[in-house]
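J.: return a 3D structure for these sequence lines:
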Amino acid sequence: MAHSLWPSALTRPSSAMTLILALLLSAAQHGWGDVIEQHTFGTQHTDSYGPYGSNMNNITQQTGVERNYEHSPEKASPRIGFQSLPGNFSVTIPRLGGARGDVPKWLNGSLYRNGGVWWNADLSHWFLGLSMVHIFTFDSGKVSLSSRYTNSSVYQEYLHPAPPRRTKDHSPSLKAEDHDSVDAPLQHDAAVELTQSSNTNSGFMKIGQHLVSNAGETSFNEINPVTGDTIQAPFQFEDTVVPAAQSAPSHSHTDPKGNIVHYFYVYGATPGYQLYHIPAGTTKRILLGDVIPARPEMKVPFYMDSFGLTENYIVLSEVPALVLSNFTGEFVEQLGTRWHVLDRTNGSQVTTFDSPAFFYYHHINAYEDRDAQGREEIIVDIQTYPNMDSLPTMSMSSLLNHTTEFTHAFNKGGPERFRLPLWNPGSQVVGVKLWRYSLEIPTIAYEHFNTQKYRFIYGVSAMEGKSLYLDRLVKLDLETPSPHGKGFESVEWTGEGLYPGEPIFVSNHPRSKGPKPPVEDSGAVLSVVLDAYAEHSFLLILDATSFVEIASVPLKFTIPFGFHGAFFHNGSFPTALQAPRRV
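T.: Here you go, the predicted structure:
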């Protein structure tokens, strides 16, 4: 999911007892092959939602992930996926063991995941959880993991941890050649001098040669691409652009050439949306044209957490929704949805369209096409909802006690396709359902097919009346009509008590090797999955073509349900670890 706030006002929680316990587990002690780990568990805040307490000190490794457990609705509950991690939690595992199946040796690079992992009475909505970065690094069939809190102003405000210090371990059980693997400096220290930085828990971008994490605000945080430590908070651009407000969509776009397009909200006498772009390889924001005026009826910008991008156009889907900092809001259905089609080169408005009102979190993809008469149109695919009913069901109290409320609201939506006829500006458009169910956190073969005509959507879904939460991965084929007569054909991966996160497609033909691959779905799909019966997470690797499991790599702890991630192939970032620096 994704999030933006109007406005953001956080207060300090009550103080809590701090306990710091450092564990170093060796391969010889637990029989996990060559697994060598360093964990920091601590800062047990009793006012946080669902602290693990002693659970975190009794983690067991599930080898093989047989998943033969006593089946019951209570044990299959996804509740553990919304419980807080300790406030000083960190993990370094140079090699994850116990994999079932073979991790593809062609899969080389890193999967970056983030999302909230700590909540309390102030941070009481899923979207507000303190951010943690998880990095799964693939190297010729081996997988490592590094997890770190994002050292933002919000993290400092709520947890004020004593800076963890890490030294080389000289345990005789460790092989000499493995020492360097556990010696990477943890960069949550005084050298990261914070100004006001965002709790960036909703995804990643590559800006120039830098990895940054982002959320629904105008500032970003720079992340070490190897360890996940915070390098710079907030990230400093090489420009003089001063955003007119703190709020922005959680989702930007990076086109196949590496150019970034984004915008921020503008308030005041002339509210609206200010577009900008960042040319590939640079860290300089360049404003695109004047502010695009918001519709005057509400006198503030509307909630739009993502947008569409094609080769020549930017598409804003201005839904009649306002969201406040407590995640209540107003949905003015009679206003309908206003579509703004904007020129990518200068930000000027090309035309507008109108459609019946809907709500959304995620655009899926957009591209330019021609209709049967050869007339130019823009195709925009979005996961839509009829209203904002899903938003309050993602409060932490609701998710910890009544996940079926979320599932019910979720299943009112579904992916839709809108055709914007550029030959008929100002006309009314209506969406067409692409699938008979809802499909959230939707992704595509983004590296090659963002802004392009495409065939496959990947996402998570749930069955109304049957699923306790999002419990299946889905691959939707936009070229094969469904035999049920509603949308297109799909394949699923699911299992009792298993709750997958966002699916990330990784092509086995990266852009560095040349043009588009001959087959769109040639590669793998990665997802972090909660096994509710075993009470731990695992990394799932599916063959993207057949949607059959290739391998699964178990963890010894639970990663709370997160939001978004990205995969970057080897060579995407400088190889040397970047030292923290003052800002």
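J.: what comes into contact with stretch 566-575?
T.: Contacting residues not belonging to stretch 566-575 are listed as 108-112, 203-206, 209-211, 225, 504, 506, 510, 512, 526 [C-beta atoms under 8 Å, 6 or more residues apart in numbering]. All C-beta spots, glycine's among them, are computed from the backbone N, C-alpha and C.
J.: what segments of this structure are helices?
T.: 27-30, 153-159, 396-401, 403-410, 446-449 (DSSP state H).
J.: if we can go back for a sec, now, of the contacts of stretch 566-575, which are buried?
T.: Among the contacts of stretch 566-575, those buried by neighbour count (16 or more other C-beta atoms under 10 Å) are 108-112, 203-206, 210-211, 225, 504, 506, 510, 526.
J.: least confident pick among these?
T.: Minimum pLDDT across those is recorded for residue 510, with 81.
J.: how about the nearest residue to that residue, chain neighbours excluded?
T.: Computed as C-beta to C-beta, 6 or more residues apart in numbering, the closest residue to residue 510 that is not its neighbour in sequence is residue 569, at 4.6 Å.
J.: bridging residues for the one you found?
T.: For residue 569, the beta-bridge partners under DSSP bridges are residue 109.
J.: equivalent analysis for residue 131, please.
T.: Going by DSSP bridges, residue 131 forms beta bridges with residue 116.
J.: ok, now how distant is it from residue 497?
T.: Distance, residue 131 to residue 497, by C-beta to C-beta, to the nearest Å: 27 Å.
J.: got the residue ranges for the strands in the stretch 201-350 of the chain?
T.: 204-207, 210-213, 221-223, 230-232, 253-254, 260-266, 272-278, 286-293, 308-309, 313-318, 321-323, 329-331, 337-343, 349-355 (DSSP state E, counting those that start in this stretch).
J.: and the longest one, which residues are buried?
T.: Using 16+ other C-beta under 10 Å as the test for burial, strand 286-293 gives 288, 291-292.
J.: where does the stretch 251-400 of the chain have low pLDDT?
T.: 325 (pLDDT under 70).
J.: and residue 489, which of the strands of the stretch 201-350 of the chain is closest to it?
T.: Among the strands of the stretch 201-350 of the chain, strand 308-309 comes nearest to residue 489, with 24.3 Å by C-beta to C-beta.
J.: residues in contact with the closest one?
T.: So strand 308-309 is contacted by 253, 255, 261, 314-317, 344, 363, 365-366, 378, 380, 382, 450-451 (C-beta under 8 Å, 6+ apart).
J.: what about these, which one has the most neighbours?
T.: Counting neighbours by other C-beta atoms under 10 Å, residue 382 leads the contacts of strand 308-309 with 29 neighbours.
J.: identify the bridge partners of that residue.
T.: The partner residues for residue 382, given DSSP bridges, come to residue 363, residue 416.
J.: pretty sure it sits against residue 361.
T.: No: between residue 382 and residue 361 there is no contact under C-beta atoms under 8 Å: 9.2 Å.
J.: give me the common contacts of these two.
T.: Taking C-beta under 8 Å, 6+ apart as the criterion, residue 382 and residue 361 do not both touch any residue.
J.: distance of the closest residue to residue 524 other than its chain neighbours from residue 443?
T.: Once flanking residues are discounted, residue 524 sits nearest to residue 506: 5.0 Å by C-beta to C-beta, 6+ apart. From residue 506 over to residue 443 the distance is 11 Å, taken as C-beta to C-beta.
J.: cool, residue 107 as well?
T.: Distance from residue 107 to residue 443, by C-beta to C-beta: 17 Å.
J.: same check, this time on residue 554
T.: 23 Å.
J.: where in the stretch 1-150 of the chain is pLDDT low?
T.: Judged by pLDDT under 70, the stretch 1-150 of the chain has its weakly predicted residues at 1-75.
J.: equivalent analysis for the stretch 451-583 of the chain, please.
T.: 512-514, 575-583.
J.: list phi and psi for the nearest residue to residue 115 once chain neighbours are set aside.
T.: The shortest distance from residue 115 to any non-neighbouring residue, by C-beta to C-beta, 6+ apart, is to residue 562 (2.3 Å). The phi and psi torsions at residue 562 (degrees, to the nearest 10) take the values phi -110, psi -160.
J.: need the contact list for residue 562.
T.: Contacts for residue 562 (C-beta under 8 Å, 6+ apart) come out as 113-117, 134, 201, 501-502, 528.
J.: how close does residue 573 get to residue 528?
T.: From residue 573 to residue 528 the distance is 21 Å (C-beta to C-beta).
J.: neighbour-wise, which of these two wins?
T.: A side-by-side neighbour count of residue 573 and residue 528, using other C-beta under 10 Å, places residue 528 first with 25 against 17.
J.: bridged to the more buried one, which residues?
T.: Taking DSSP bridges as the rule, residue 528 bridges to residue 539.
J.: beta partners of the nearest residue to residue 277 once chain neighbours are set aside?
T.: The shortest distance from residue 277 to any non-neighbouring residue, by C-beta to C-beta, 6+ apart, is to residue 261 (5.0 Å). Beta-bridge pairing for residue 261 (DSSP bridges): residue 253, residue 277.
J.: thought residue 261 was touching residue 280?
T.: No: look at residue 261 against residue 280 with C-beta under 8 Å: they stay out of range, at 11.4 Å.
J.: ok, which stretches of the stretch 451-583 of the chain are strands?
T.: So, for the stretch 451-583 of the chain - with DSSP E, counting those that start in this stretch - the strands run 456-461, 472-481, 488-494, 498-500, 504-507, 523-531, 536-543, 549-554, 565-569.
J.: the first one packs against which elements?
T.: Right, the one you point to is strand 456-461. Applying 3 or more C-beta pairs under 8 Å, 6 or more residues apart in numbering; DSSP states H and E, one finds that strand 456-461 makes contact with strand 440-443, strand 472-481.
J.: any idea how many residues pack against residue 517?
T.: 19.
J.: list the contacts of the nearest residue to it once chain neighbours are set aside.
T.: The shortest distance from residue 517 to any non-neighbouring residue, by C-beta to C-beta, 6+ apart, is to residue 509 (3.7 Å). Contact partners of residue 509, counting by C-beta under 8 Å, 6+ apart, are 448, 517, 522-523.
J.: of those residues, grab the buried ones for PyMOL.
T.: Buried subset of the contacts of residue 509, written as a PyMOL selection, criterion 16+ other C-beta under 10 Å:
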select buried, resi 448+517+523
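J.: now the contacts of residue 509 as TSV including distance to residue 90?
T.: As requested, the contacts of residue 509 are arranged in TSV below (distance: C-beta to C-beta, whole Å):
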residue	distance to residue 90
448	34
517	37
522	36
523	31
